[in-house]
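Enquirer: Quick one, fold the following:
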Amino acid sequence: MDDLELIKPTTTFEEAALEYKKEHFDIGEYELHGSALLDKIDLYSDWLKIIEENSNEKTVHSDWVVASTFFVVRKSDQKIIGMIDIRHSLNDFLRNYGHIGYGVRPSERKKGYATQMLKMALDYARQIRLSKVMLACYKDNEASCKIIQKYNGIFEKEILHPNGKIVQVYWIIL
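Expert: Have a look, this model is predicted:
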């Protein structure tokens, strides 16, 4: 398995981040899980500003929670393999979607990266002193369900996402 690292987004990664976003969009995926809205914001510099503001209790947007957003980068070639967004708490909206959001770029799926990424996210959650985390995935995404269960995810409920898909919600005790 390739070595991965969590890297805070910076201007250095702009071209790679836009390429990551484009790869998803090119196959019709317009929702980038774990990206803290990289999929919805046109200018990379605006996105960097938002994730920086949301990383601090004093500057977080009123309808968001403090979060840490990372690129997951393969050390050997510095390619962005995925993204992880770790929310330090839950608000009303996140009570259905969880503390951790993550996604893998389409060309790097089915290589074991998501399992490694969730482990990294759980390790980080421990560092920020969370005792348990909520995660959610689409019911039809069997791979994600299995990865969450591998880390002892305890099924809590199913909800209907606004997009019409069924979401399964799990808790992992840290």
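
Enquirer: what about the strands in the chain?
Expert: Per DSSP state E, the chain carries strands over the ranges 4-7, 67-74, 80-87, 100-104, 132-138, 154-160, 166-173.

Enquirer: and the residue lying farthest from the centre of the chain, what is it in contact with?
Expert: Going by Cα atoms, centre = their mean, the residue of the chain most distant from its centre is K58, 22.5 Å out. Shown here is K58, which makes no contacts under the criterion Cβ atoms under 8 Å, 6 or more residues apart in numbering. Glycine gets a C-beta too; all of them are placed from N, C-alpha and C.

Enquirer: can you rerun that using 10 Å?
Expert: With contacts taken as Cβ atoms under 10 Å, 6 or more residues apart in numbering, K58 has the following neighbours: V66.

Enquirer: and it, how far is that from E52?
Expert: 12 Å (Cβ to Cβ, to the nearest Å).

Enquirer: cool, K165 as well?
Expert: Relative to E52, K165 is positioned 31 Å away (Cβ to Cβ).

Enquirer: likewise D2?
Expert: Between D2 and E52 the computed distance is 28 Å (Cβ to Cβ).

Enquirer: before we move on, what about V133?
Expert: Applying Cβ to Cβ, the value for V133 to E52 is 23 Å.

Enquirer: quick one: average pLDDT of stretch 156-167?
Expert: Averaged across stretch 156-167, pLDDT comes to 93.
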